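> structure for the following, please:
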Amino acid sequence: MMKYTKIIFSPTGGTRKAADLLTKNWKDAGTIDLSDAVDDYTKYSFDPEDVVLIAMPSFGGLAPQIALDRLSRIKGNSARCVLVCVYGNRAYEDTLVQMEDAAGKSGFQVIAAVAAVAEHSIMRQFAEGRPDEDDSRELTEYADKIMKKLEAGNTSKLSLPGNRPYKKAGSLGMVPKAGSDCTECGLCAKQCPTAAIDLRVLKSADKTKCISCMRCVAVCPQKTRHLNGAMLAAASLALKKACSGRKANELFL
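Numbers count the residues shown, from 1 in each chain. The predicted model follows:
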């Protein structure tokens, strides 16, 4: 029996929103959360008749390595796959081809791909409020076109933008810390995708593990976790030109 599944890495929710819009007509779709630091991903396996959506954000033009590593433990077994990379209105560069290669190594057949824009996870003034109503309509149209390809049994190979070898991964070096309002509830540590926050030392994070995904900032009930203000202002200024103007969503079939 065919099953639908979403495999999602979405630290602050933007990627999940785009994925949900693309799969809202998928019946009884399950979800595998790649941001779960303790899940045993080797237990997940698919059949050739299954349909899977793999969604990840683009961090500096690449997919998060931790998400790719966890995906590599899942057995695709020739299940048909839709890739979704979500970026914060700058550029997604090599993210889609990197995801395509990773999905192929895991045994998935990639039959469609989408590049979607969502609010920037760090500098939220860029693509603020996206995906918005226009995005919702467009992604719903994409979903219909993808479903038609699936129903036709078409598994034609895609031609995706990006370079091989991929660009060199950079590091933002922006590690959120907690302010004086921290109540040490531990939610940030429990939900950190990379286990970079120690429950015994909640106000800081391990900079060798932190990937600047902003999950801890998003989930903090006291809104007390934040980045260094001067570093954030400098990064915002550096990205202002590249992130100006409304970037378009893209569908590849």
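> just confirm C81 is within a helix.
No - using DSSP: H, G, I helix; E, B strand; the rest coil, the secondary structure at C81 is strand, not a helix.
> per-residue pLDDT, it?
We have a pLDDT of 97 for C81.
> bridged to it, which residues?
Listed by DSSP bridges, the beta-bridge partners for C81 are V52, V110.
> count of neighbours near it?
26 (other Cβ atoms under 10 Å). In this view, the C-beta of every residue, glycine as well, is placed from N, C-alpha and C.
> ok, now L53?
With other Cβ under 10 Å as criterion, L53 counts 24.
> correct me if wrong: it contacts T15.
No - between L53 and T15 there is no contact, the gap being 10.9 Å when judged by Cβ atoms under 8 Å.
> tell me, what's touching the two both at once?
Counting by Cβ atoms under 8 Å, 6 or more residues apart in numbering, the residues touching both L53 and T15 are I8, V84.
> where's the residue lying closest to M123 once chain neighbours are set aside, which helix or strand?
The spatial neighbour of M123 that comes closest, neighbours along the chain excluded (Cβ to Cβ, 6 or more residues apart in numbering), is S236 at 4.8 Å. In the assignment (DSSP states H and E), S236 maps to helix 229-239.
> now swap in V97 and tell me
Going by DSSP H and E, V97 is part of helix 95-105.
> residues making contact with that helix?
With Cβ under 8 Å, 6+ apart as the test, helix 95-105 has contacts from 54, 56, 58, 61-63, 68, 71-72, 76, 81, 83, 85, 87, 110, 113, 115, 158, 160-164, 166, 252.
> on the pLDDT front, check the residue sitting furthest away from the middle of the chain for me.
Distance from the centre of the chain peaks at S180, with 30.6 Å (Cα atoms, centre = their mean). The model reports S180 with a pLDDT of 91.
> can you turn the buried part of the contacts of helix 95-105 into a PyMOL selection?
A single PyMOL command selects the buried members of the contacts of helix 95-105 (16 or more other Cβ atoms under 10 Å):
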select buried, resi 54+56+58+61+62+63+68+71+76+81+83+85+87+110+113+115+160+162+166+252
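> helix, strand or coil for L21?
Recorded secondary structure, L21: helix (three-state DSSP).
> so which helix or strand takes in the nearest residue to it once chain neighbours are set aside?
Nearest residue to L21 in three dimensions, chain neighbours excluded: L139, at 4.1 Å (Cβ to Cβ, 6+ apart). Secondary structure assigned from DSSP H and E places L139 in helix 133-151.
> tell me where the model's unsure across this structure.
For the chain, the stretches with pLDDT under 70 are 172.
> could I have the CA atoms of stretch 83-94 written out in CSV?
Taking Å, rounded to 0.1, in the frame of the first residue of the first chain, the C-alpha atoms of stretch 83-94 are listed here in CSV:
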residue,chain,number,x,y,z
LEU,A,83,13.0,17.8,-2.9
VAL,A,84,12.3,21.1,-1.3
CYS,A,85,15.0,23.6,-0.4
VAL,A,86,13.9,26.8,1.4
TYR,A,87,16.0,29.9,1.5
GLY,A,88,15.8,33.3,3.1
ASN,A,89,15.6,35.5,-0.1
ARG,A,90,19.4,35.5,-0.8
ALA,A,91,20.3,32.4,-2.9
TYR,A,92,20.2,28.6,-2.6
GLU,A,93,23.2,28.0,-4.8
ASP,A,94,24.2,24.3,-4.5
